[in-house]
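J.: mind folding the following:
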Amino acid sequence: MILQKEREQVVQYGKLLVTQGLTTGTGGNLSSCNREKGLMALTPSGVDYFVMKPEDIVVLDIQTGRIVDGDLLPSSESDMHRIFYKYRTDIHALVHAHTNYATALACLNKPLPAIHYLVALAGGLDVRCAKYATYGTVALARNVFEAMQDRTAVLLANHGIMAGGADMQTAFNTAEEIEFCCALYYRARCMGHPVILPDDEMQRMVERFKSYGKKPEQHEEI
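T.: Predicted coordinates:
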């Protein structure tokens, strides 16, 4: 089976979308790309994640969007995934979900500010909110791509969240952590006016996360 590894991974993390509370029903979509072959594996449209099998995952050509393998209809958001693989060489997997708190904030059409240092996991000082466009359109794909420039996560106005990464685990983890930060922001706003971390501190966090888990950090003497 072509792109077997990528297809199996999409199925695995599709189930986690539901069990980790990041989406309900068949909402959201995931993809993984194979740069060497120029192909991407994408969830099909409207299929229950717990029924979905690797052979149900649709394989598309990154450059043209042409279906290379698969009998089912690909997710309506195929262009929103494909545009990143076509123009961002640092992203190899994407997770789009309709999470509770990120979507609530997106319905305000506002970015997620630096409520917590984990916001820096998305690669910047905040997480922007992409302009609204009808789901499944090229306009939405372009809006999301623009808002996620120099970031690995973005809110979709009145829609949800999207996160990318060098692999599926990283993309999924980013989606989870940004949803956590959105929940914190919501709760803090309910209690008052949260203190937002300054830009210089967030920039330090962005730099630290670039090497997180890769090499020992140098510590000051206590």
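J.: for burial, what's the neighbour tally of the closest residue in space to T103 that isn't next to it in sequence?
T.: Distance criterion Cβ to Cβ, 6 or more residues apart in numbering; nearest residue to T103, sequence neighbours excluded, is G160 at 5.0 Å. (Glycine included, C-beta is placed from N, CA and C.) Residues contacting G160 under the criterion other Cβ atoms under 10 Å number 23.
J.: is it true that G160 touches G28?
T.: Yes. Between G160 and G28 there is a contact at 7.0 Å, judged by Cβ atoms under 8 Å.
J.: wait, I115 sits on A188?
T.: Yes. With contacts counted by Cβ under 8 Å, I115 reaches A188, the gap being 6.4 Å.
J.: spit out the residues that contact the two alike.
T.: Common contacts of I115 and A188 (Cβ atoms under 8 Å, 6 or more residues apart in numbering): P194.
J.: picking that back up, intersection of neighbour lists for G160 and G28?
T.: Both G160 and G28 are in contact with H96, A97, H98, where contact means Cβ under 8 Å, 6+ apart.
J.: for K131, state which of those residues is nearest.
T.: Nearest to K131 among the shared contacts of G160 and G28 is H96, at 16.2 Å by Cβ to Cβ.
J.: looks to me like that closest one is in a strand.
T.: Yes. Using DSSP: H, G, I helix; E, B strand; the rest coil, the assignment for H96 is a strand.
J.: what's the neighbour count on the residue lying closest to A139 once chain neighbours are set aside?
T.: Among residues not flanking A139 along the chain, A133 sits closest, at 3.9 Å (Cβ to Cβ, 6+ apart). A133 is flanked by 19 other residues according to other Cβ under 10 Å.
J.: pretty sure A133 contacts N143?
T.: Yes. In this structure A133 lies within contact range of N143 using Cβ under 8 Å: 5.2 Å.
J.: and R142, which of the three is it?
T.: Three-state call for R142 (three-state DSSP): helix.
J.: that one touches F84, doesn't it?
T.: No. Here R142 does not reach F84: they are 11.4 Å apart, not a contact under Cβ under 8 Å.
J.: wasn't L22 part of a helix?
T.: No. Under three-state DSSP, L22 falls outside any helix and is assigned coil.
J.: give me the phi and psi for it.
T.: Torsion angles at L22 (phi, psi; degrees, to the nearest 10) stand at phi -90, psi -10.
J.: wait, it touches N29, no?
T.: No. Contact between L22 and N29 fails when scored by Cβ under 8 Å: they sit 11.8 Å apart.
J.: ok so I115 is a helix residue?
T.: No. Counting by three-state DSSP, I115 falls outside a helix, being coil.
J.: the closest residue to it other than its chain neighbours is in what secondary structure piece?
T.: Counting by Cβ to Cβ, 6+ apart, the nearest residue to I115 once its immediate chain neighbours are dropped is Y185, at 4.5 Å. Assigned by DSSP states H and E, Y185 belongs to helix 168-191.
J.: which residues are contacting that helix?
T.: Residues contacting helix 168-191 (Cβ under 8 Å, 6+ apart): 9-10, 13, 16, 20, 22, 30, 32, 91, 93-95, 97, 99-102, 104-105, 112-113, 115-116, 118-119, 121-122, 127, 152-153, 161-165, 194.
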